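Chemist: coords please:
(one chain, ligands or ions: 2)
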Amino acid sequence: MQKPLIAPSILSADFARLGEEVDTVLNAGADVIHFDVMDNHYVPNLTVGPLVCKALRTYGITAPIDVHLMVTPVDYLISDFIEAGASIISFHPEASHHVDRSLQLIRDGGCQAGLVFNPSTPLSHLDYVWDKLDMILIMSVNPGFGGQRFLPSALKKIQSAREMIDKNAPTVRLAVDGGITAVNIGEAAEAGADMFISGSAIFGSEDYSETIDTMRKQINR
Ligand code: DX5
Ligand code: ZN
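Modeler: Residues are numbered from 1 along each chain as shown. Ligands and ions are numbered 1, 2, ... in the order given. Got it, this is the predicted structure:
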């Protein structure tokens with residue numbers, strides 16, 4: 001397993017002060033910025049696109065930006081996010097007609113590629129694409145909104161994904177996204193996750209630094 005990473009989701013940040021919020025959470029110890037892209041089609045909500053990613057880069061953010069595409073189709077936006085300065089781009093296999101091609105498109109653009117699994121999506125989508133993957137993201141809520149409750153069924157799925165990663169491609173990251181708090185992050189780590197995406201529990205807290213420190217302690221307990 002690799003060094004655990006904490007990735008605050010800007011979905012719960014104050015969008016009127018986004019650059020400042022991202023700076024603050026990075027200074028508080030975050031490793032990666034998680035950037036949720038929703039299209040009111042693949043998921044019932046609408047957020048932000050490549051323009052905002054580019055604006056964060058222009059503002060001076062140099063930390064890795066992890067773009068989580070909850071959109072269909074995916075390929076057109078993949079190209080735009082490569083241009084906009086994304087570091088990691090992940091998408092849902094159900095949202096692309098040609099998963100292998102979409103993964104390749106991300107890698108060809110110099111970004112790391114990830115596949116995201118909804119609570120009901122089987123891990124069998126991984127079977128023939130191990131050589132094109134840098135990250136697997138297990139959703140622990142149904143995608144579309146921040147602030148939902150962690151679904152415990154995700155723990156078993158994280159364990160299964162960890163076994164598959166160890167067997168097929170040990171350098172692939174295993175991320176968990178949805179309802180992650182300082183209370184349940186330890187269990188997700190124990191199940192085998194090494195990247196922890198958290199929106200409301202970090203941005204909704206009084207002190208980002210204290211929350212991230214507590215989370216890190218729970219990961220390493
Ligand atoms: C949900 C998003 C998550 C969300 C996490 O569709 O993919 O990244 O922002 O937020 P919390 O941690 O509040 O569940
Ligand atoms: Zn997300």
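
Chemist: distance between stretch 178-188 and the chain's centre?
Modeler: Distance, stretch centre to chain centre, for stretch 178-188: 14 Å (Cα atoms, centre = their mean, to the nearest Å).

Chemist: And for stretch 184-191?
Modeler: Put simply, stretch 184-191 sits 16 Å off its chain's centre (Cα atoms, centre = their mean).

Chemist: same thing with stretch 21-34?
Modeler: 14 Å.

Chemist: can you tell if it touches ligand 2?
Modeler: No: for stretch 21-34, no contact with ligand 2 is found by Cβ under 5 Å from the ion; the gap never falls below 5.6 Å. All C-beta spots, glycine's among them, are computed from the backbone N, C-alpha and C.

Chemist: Enumerate the positions of that stretch that are buried.
Modeler: Under the neighbour-count criterion of 16 or more other Cβ atoms under 10 Å, stretch 21-34 has 21-26, 28-34 buried.

Chemist: quick check: longest helix of the chain.
Modeler: helix 153-168 (DSSP state H).

Chemist: Give me the residues contacting that one.
Modeler: Outside helix 153-168, the residues that touch it by Cβ atoms under 8 Å, 6 or more residues apart in numbering are 117, 119, 123, 126, 130, 136, 138-140, 172, 174, 176, 178, 187-188, 191-193.

Chemist: one more time with 7 Å, if that's ok
Modeler: 119, 123, 126, 130, 136, 138, 140, 172, 174, 176, 187-188, 191-193 (Cβ atoms under 7 Å, 6 or more residues apart in numbering).

Chemist: Among the buried residues of stretch 21-34, which one lies nearest to ligand 2?
Modeler: residue 34 (5.6 Å; Cβ to the ion).

Chemist: Mind pulling up the pLDDT for the nearest residue to residue 140 once chain neighbours are set aside?
Modeler: With Cβ to Cβ, 6 or more residues apart in numbering as the criterion, residue 140 has its nearest non-adjacent residue at 3.6 Å, and that residue is residue 154. pLDDT recorded at residue 154 is 98.

Chemist: pLDDT on whichever helix or strand comes after the longest helix of the chain, on average?
Modeler: Per DSSP states H and E, the first helix or strand lying C-terminal to helix 153-168 is strand 173-177. Average pLDDT, strand 173-177: 98.

Chemist: Can you list the buried residues in the very next helix or strand once past strand 173-177?
Modeler: Downstream of strand 173-177, the first helix or strand assigned by DSSP H and E is helix 185-191. For helix 185-191, burial by neighbour count (16+ other Cβ under 10 Å) applies to 185, 187-189, 191.

Chemist: want to try a markdown table for those residues, with distance to ligand 1 as columns?
Modeler: Shown next, in a markdown table, are these (distance: Cβ to the nearest ligand atom, whole Å):
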| residue | distance to ligand 1 |
| --- | --- |
| 185 | 11 |
| 187 | 15 |
| 188 | 12 |
| 189 | 16 |
| 191 | 17 |
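
Chemist: Looking at these, which is nearest residue 216?
Modeler: The closest of the buried residues of helix 185-191 to residue 216 turns out to be residue 185 (Cβ to Cβ; 8.8 Å).
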